[in-house]
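>>> need a 3D model of the following:
(chains A and B)
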Number of protein chains: 2
Amino acid sequence: MKKLINDPQDVVAEALQGIEAAHPDLRVDHQHGGFVGLGMLDAACAGEVFTSPVPDQMLAATKLVDGGAGVLHVVKNYTGDVMNFDMAAEMAAATGAQVLSVVTDDDVAVQDSTWTAGRRGVGVTVLVEKIAGAAAEQGRTLEQVADIARQVNANGRSMGLALSSCTVPAAGKPTFDLGENEMELGVGIHGEPGRQRVPLATAREIAEMLVEPVLADLPFTSGDNVIAFVNGLGGTPLIELYVMYNEVNRVLTAHGLQVARSLVGSYITSLEMAGTSVTLLKVGDELLSLWDAPVKTPALRWGA
Amino acid sequence: MKKLINDPQDVVAEALQGIEAAHPDLRVDHQHGGFVGLGMLDAACAGEVFTSPVPDQMLAATKLVDGGAGVLHVVKNYTGDVMNFDMAAEMAAATGAQVLSVVTDDDVAVQDSTWTAGRRGVGVTVLVEKIAGAAAEQGRTLEQVADIARQVNANGRSMGLALSSCTVPAAGKPTFDLGENEMELGVGIHGEPGRQRVPLATAREIAEMLVEPVLADLPFTSGDNVIAFVNGLGGTPLIELYVMYNEVNRVLTAHGLQVARSLVGSYITSLEMAGTSVTLLKVGDELLSLWDAPVKTPALRWGA
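The predicted model follows:
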């Protein structure tokens, strides 16, 4: 295992210390800093690698950031996360806090998977957090912010593909094996299996493999405005993501979709896994305006 | 070779098309878009992978962006780049354009290398482009902007380390071989050899291997204010870069340095190479204020 780490057991704690050192305006204790900041999240709970945080963390973070208007939990649809967030919400409610939850489940690849009943929450989570965060920043009510978050999840769909496995530090070996000429189509963000192993293909072919099932699922139709998010899974450099974006954009244009905004980069990742995912979000003027609102976090920053 | 590409010959052209599609406010023809935009570069010339662009590209870009106040070329110290930029500057001067050049050479690892006489230009180039770009945005003269750029280069030092090789698409195989328990200390950004092969080490040990030679070289001394830039080489995920930043920050603090600002991410890269580089820049109030000025490019964006 070749990683820039110390003891594999300390990776999450030390990365959080690094975030705190690099971003002194963040308070890092229970929080994971990537998307915490103005116009996005107020707190994030980091579990161990690929493991849900525990309800006590969630409760502490919830109480810490509750300014009196209540707290929205954004939860990706994995069994452990959903269960722990449910417990945390109940515990918070018992102390008088008002908590609503929105569960993301945008991955069209598979119906159930290793750690999920129903669809997995993947790339759309970043868009939910940005857009609902902007709504909260505008002072909307908890119910309104939750409605916006649900609207984003309902109008977003994703699918991913891996060129390589990742290695969980504490495991010290790859989560799965992929041959030199194989790809895992529909992979999950914790290395869960996808739809099938397929032979290595060009970026053009991969764009079709990812975009067509996404388009067919909502479905997106000609004339729709979308935010197009081409995400890297951690080990793929930006030059390849822009080659992918070029092909994704070609497929979308051929279907008559209008790309209103784009996001290209490694924002929701599986350690050093090489690969990509495509998320499309159908948007109208309101979601677009919330997308464009200022955001200032370690990972996403504009207009602020 | 597992990459998200089509024909290896088309990678640069198609990535540029992707950048153009994702950032419709950029004009992409001779330009490479990563750091082009408000408060940074007006143009960038992309060569083939790890190859200098040609003088005709540079001349065309120079004339395209010359608003009458002259043009500053920021050139990394590689023989081909320096020679081609010299030719382009002469050709531009012959047409009446005023051109100055600043060559970056911040890599303390080796004195000469595969494609360089003298030191290589690496991480400080990003800081030169940001800070000189801010000075130009303020309307300073060409000479003043060039002075600022030279000041940044003179006060910045870098060193890098690779955990893996990269694969040039047209070559189809790794540039060099590294054993499972080896690292290349002092590697260049095109896969050039570094100081030595060393056994795999912890992030804490790696931070010392990189920071100590950088500190000793300028030298940086207790009480200095610095911008600390922990860069990923392309294949290393952010969680490892923050583990590295935590250790780099620890070494700097132990030496009595004040980290005024930090930058953590993959900004100057070698395709999918796993590894990191550390750049330190000694700053006073003026450079800090230029660093903080608004910037809006595909790769770096704040306050705008």
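
>>> all helices of the stretch 1-150 of chain A, in order?
Ranges of helices within the stretch 1-150 of chain A are A:11-22, A:55-65, A:79-94, A:124-137, A:142-154, based on DSSP state H, counting those that start in this stretch.

>>> of those helices, flag the one that's most buried.
Neighbour counts (mean count of other CB atoms under 10 Å in any protein chain shown) averaged over each of these peak at helix A:124-137, with a mean of 25. For the C-beta atoms, the positions are set from N, CA and C on the backbone; glycine is no exception.

>>> okay, the angle between that helix and helix A:142-154?
150 degrees (axes from the mean of the first three to the mean of the last three CA atoms, to 10 degrees).

>>> give me the residues contacting helix A:124-137.
Residues external to helix A:124-137 that are found in contact with it (CB atoms under 8 Å, 6 or more residues apart in numbering or on different chains): A:35, A:38-41, A:72, A:74, A:76, A:102, A:104, A:106, A:144-146, A:148-149, A:152-153, A:156-158, A:227, A:229, A:231, A:263, A:267-268, A:279, A:281, A:287, A:290-291, A:293, A:295, A:300.

>>> just the buried ones from those residues, in PyMOL syntax?
A single PyMOL command selects the buried members of those (16 or more other CB atoms under 10 Å in any protein chain shown):
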select buried, chain A and resi 35+38+39+40+41+72+74+76+102+104+106+145+146+148+149+152+153+156+157+158+227+229+231+263+267+268+279+281+287+290+291+293+295+300
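
>>> chain A: strands as residue ranges?
With DSSP state E, the ranges of strands along chain A come out as A:71-76, A:99-104, A:156-162, A:182-185, A:196-199, A:225-232, A:258-265, A:275-282, A:295-296, A:301-302.

>>> closest one to chain B among those?
In terms of CB to the nearest CB, the element of these nearest to chain B is strand A:258-265, at 4.3 Å.

>>> and the pLDDT for residue A:110?
At residue A:110, the model reports a pLDDT of 91.

>>> next one: residue A:32
For residue A:32, the pLDDT comes out at 68.

>>> what does residue A:66 give?
According to the model, residue A:66 carries a pLDDT of 95.

>>> and residue A:29, by the same measure?
Model confidence at residue A:29, given as pLDDT, is 65.

>>> related to what we said a few turns ago, including mean pLDDT and distance to residue A:86, could the strands of chain A go into JSON lines?
Shown next, in JSON lines, are the strands of chain A (pLDDT from 0 to 100; distance: least, CB to CB, whole Å):
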{"stretch": "strand A:71-76", "mean pLDDT": "97", "distance to residue A:86": "9"}
{"stretch": "strand A:99-104", "mean pLDDT": "98", "distance to residue A:86": "8"}
{"stretch": "strand A:156-162", "mean pLDDT": "98", "distance to residue A:86": "23"}
{"stretch": "strand A:182-185", "mean pLDDT": "96", "distance to residue A:86": "31"}
{"stretch": "strand A:196-199", "mean pLDDT": "96", "distance to residue A:86": "33"}
{"stretch": "strand A:225-232", "mean pLDDT": "97", "distance to residue A:86": "28"}
{"stretch": "strand A:258-265", "mean pLDDT": "95", "distance to residue A:86": "30"}
{"stretch": "strand A:275-282", "mean pLDDT": "98", "distance to residue A:86": "26"}
{"stretch": "strand A:295-296", "mean pLDDT": "93", "distance to residue A:86": "29"}
{"stretch": "strand A:301-302", "mean pLDDT": "90", "distance to residue A:86": "32"}
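
>>> among the helices of the stretch 1-150 of chain A, which is nearest residue B:211?
Closest to residue B:211 of the helices of the stretch 1-150 of chain A, according to CB to CB: helix A:11-22, at 13.8 Å.

>>> quick one: the closest one to strand B:225-232, angle?
140 degrees.

>>> rounded mean pLDDT for helix A:11-22, please.
pLDDT averaged over helix A:11-22 gives 85.

>>> angle of it against strand B:258-265?
Using the same axes, to 10 degrees: helix A:11-22 against strand B:258-265 is 130 degrees.

>>> other residues contacting helix A:11-22?
The contact list for helix A:11-22, computed with CB under 8 Å, 6+ apart, reads A:3, A:5-6, A:26-28, A:31-34, A:46-49, A:169, A:298, B:203, B:230, B:239-247, B:249, B:259, B:262, B:264.

>>> narrow those to just the buried residues.
The neighbour count (16+ other CB under 10 Å) marks A:3, A:5-6, A:26, A:28, A:31-34, A:46, A:49, A:169, A:298, B:203, B:230, B:239-247, B:249, B:259, B:262, B:264 as buried among the contacts of helix A:11-22.

>>> any residues of the stretch 51-200 of chain A in contact with chain B? List them.
Counting by CB under 8 Å from any CB of the partner chain, the residues of the stretch 51-200 of chain A lying close to chain B are A:163, A:164, A:180, A:183, A:200.

>>> tell me the one of these nearest chain B?
Taking those together and measuring to chain B by CB to the nearest CB, the closest member is residue A:163, at 4.3 Å.

>>> tell me how many other residues crowd the closest one.
Per other CB atoms under 10 Å in any protein chain shown, the neighbour tally for residue A:163 reads 23.
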